[in-house]
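K.L.:
the following comprises the amino acid sequence and a computationally predicted model.
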Amino acid sequence: MTPYDKNESSSEPMPTAVFTREGEDRWQASVLARGPWDPRAQHGGAPCALFVHVAQQAMAEPGWQLARLTVELIRPVPLGALQTRCTPQAARSTARVGIDLLAGDTLVARAHVLMLRQQDVPLPESAPGWQPDRLLPPPAGCTQRLSIPGLPEGVSFYGSVMDIRVAQGDPLQPGPGAAWFRTVLPLVQGQPDSPAMRAVAAADFGNGLSWVLPAERYVFANADISVHLFRQPDGEWIGVQAQTQMDASGAGTTLSRLYDERGSIGVAIQTLALRAR
């Protein structure tokens, strides 16, 4: 596959963020949002992070935490101008936010966000699940950079925005894998990346991290993703431990367990649409 940057003008300045806000509900997606399947389309982690940002901004009062994000990737999300339409509905302990993402008049993605009001609930130390397991080795012990065979090199969400370090498995071979992710460029210009934004951006890498079909011959893009967080991540690193299963019918799923350096924080599942190139 051709490296992306061979078709780009070296005279154009490199963007400094994935998204730039251009109005109350209008956004500009830079080349940093680009994904692996089409140089005109975004990596799924980019709109997922934008959806979380929009949902968190919609909840004016503090004290809400992301519990679930479900994103339907209806069409390839293009680079360039986008618009969001947001509908928040809050109750006493839960809030739901529906968000549509449009390119012009075309609906390209839709998100359903569930947020919980944070509470101080003392749990017994012996309670099952209270002591989460950890992804090892930690980021400091991982030096191998993630490189997935068959994916293009150059300016992209996975190549330019993410620092990715392999923790488990061999990314050059098919099968389960685990890696640590951190953002090195802002997801939204002028705004700090929230912990939940970083978690969902990393979660969308599960199908590439645990690939089972060669990308030179097959496309295995996800048509949706659902991320469930029972704890907000601490620190800059997000761990993803992923396994993919596929069927000759053209469908697949990737199940990912999510971590920070303290331990597990949640899970993600993707539905994959398979096709031969």
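P.N.:
Nice, I can see it.
K.L.:
burial measure for the closest residue to G63 other than its chain neighbours, as a count.
P.N.:
Excluding the flanking residues, the one nearest G63 by Cβ to Cβ, 6 or more residues apart in numbering is Q118, at 5.1 Å. Glycine gets a C-beta too; all of them are placed from N, C-alpha and C. Neighbours of Q118 under the rule other Cβ atoms under 10 Å: 12.
K.L.:
from T70, how far off is Q118?
P.N.:
21 Å (Cβ to Cβ, to the nearest Å).
K.L.:
quick one: the strands in the chain?
P.N.:
19-21, 26-29, 64-73, 80-90, 94-103, 106-117, 162-168, 177-183, 218-229, 238-246, 251-259, 264-276 (DSSP state E).
K.L.:
for G154, which of those strands is the nearest?
P.N.:
strand 162-168 (13.9 Å; Cβ to Cβ).
K.L.:
just list what the closest one packs against, helices and strands only.
P.N.:
strand 177-183, strand 238-246 (3 or more Cβ pairs under 8 Å, 6 or more residues apart in numbering; DSSP states H and E).
K.L.:
show me which positions of stretch 115-126 end up buried.
P.N.:
Across stretch 115-126, burial judged by 16 or more other Cβ atoms under 10 Å covers M115, L116.
K.L.:
show the average pLDDT along it.
P.N.:
Averaging pLDDT along stretch 115-126 gives 84.
K.L.:
list of residues touching it?
P.N.:
For stretch 115-126, contacts defined as Cβ atoms under 8 Å, 6 or more residues apart in numbering pick out 55, 59, 63-67, 92-97, 130-131.
K.L.:
run the chain-centre distance for that stretch.
P.N.:
26 Å (Cα atoms, centre = their mean, to the nearest Å).
K.L.:
what about that stretch, start to end distance?
P.N.:
27 Å (Cα to Cα, to the nearest Å).
K.L.:
next one: stretch 64-83
P.N.:
The straight-line separation of the ends of stretch 64-83 (Cα to Cα) is 24 Å.
K.L.:
what do you get for stretch 142-160?
P.N.:
From its first residue to its last, stretch 142-160 covers 19 Å (Cα to Cα).
K.L.:
quick one: buried residues of that stretch?
P.N.:
Within stretch 142-160, the residues that count as buried by 16+ other Cβ under 10 Å are C142, L146, I148, L151, P152, G154, V155, S156, F157, Y158, G159, S160.
K.L.:
that older thread, now the helices and strands packed on strand 162-168 in CSV, with mean neighbour count, mean pLDDT and distance to R262?
P.N.:
Shown next, in CSV, are these (neighbours: other Cβ atoms under 10 Å; pLDDT from 0 to 100; distance: least, Cβ to Cβ, whole Å):
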stretch, mean neighbour count, mean pLDDT, distance to R262
strand 177-183, 24, 98, 13
strand 238-246, 22, 98, 10
